[in-house]
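> what's the 3D shape of this:
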Amino acid sequence: MAMFSLNMLRIAIELTPHDPAYEDIASKFFEHFLYIASAMNRLGDGGLWDEEEGFFYDWLRLPDGRKIQCG
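Numbers count the residues shown, from 1 in each chain. Sure, this is the predicted structure:
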């Protein structure tokens, strides 16, 4: 998803000279990239890294506070 955000950011930047409305879209994709990068690299219980597996996994956080590893 981080790569997708960067790709969409690049497309929006390419389109900005033709339509300034894409500036807002570009900044939104940059924000999304930063949120994803932050989630991936957060230390402790909040990150996506599984030390035992040596791999990044998605987590589903439930309203009651539990989380389920996806993947």
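> run the chain-centre distance for stretch 36-43.
Its chain's average C-alpha position is 8 Å from that of stretch 36-43, according to Cα atoms, centre = their mean, to the nearest Å.
> so what touches it?
Stretch 36-43 is contacted from outside by M1, A2, S5, G46, G47, L48, W49, F56, using Cβ atoms under 8 Å, 6 or more residues apart in numbering. Every residue, glycine included, has its C-beta placed from N, CA and C.
> just stretch 22-31 next, same as before
Residues external to stretch 22-31 that are found in contact with it (Cβ under 8 Å, 6+ apart): S5, L6, M8, L9, A12, I13, L15, T16.
> select only the buried ones of the residues you listed in ChimeraX?
The following ChimeraX line selects those of these that are buried, judged by 16 or more other Cβ atoms under 10 Å:
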select :5,8,9,12
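> the contacts of stretch 22-31 into CSV, with extra columns for distance to M40?
As requested, the contacts of stretch 22-31 are arranged in CSV below (distance: Cβ to Cβ, whole Å):
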residue, distance to M40
S5, 12
L6, 13
M8, 18
L9, 17
A12, 22
I13, 23
L15, 28
T16, 27
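> the contacts of stretch 22-31 in helices, which ones?
By the criterion of DSSP state H, membership of those in helices covers S5, L6, M8, L9, A12, I13, L15.
> any chance of a markdown table for those residues, columns distance to F33 and pLDDT?
As requested, the ones in helices among the contacts of stretch 22-31 are arranged in a markdown table below (distance: Cβ to Cβ, whole Å; pLDDT from 0 to 100):
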| residue | distance to F33 | pLDDT |
| --- | --- | --- |
| S5 | 4 | 96 |
| L6 | 6 | 96 |
| M8 | 9 | 97 |
| L9 | 7 | 97 |
| A12 | 12 | 97 |
| I13 | 13 | 97 |
| L15 | 17 | 97 |
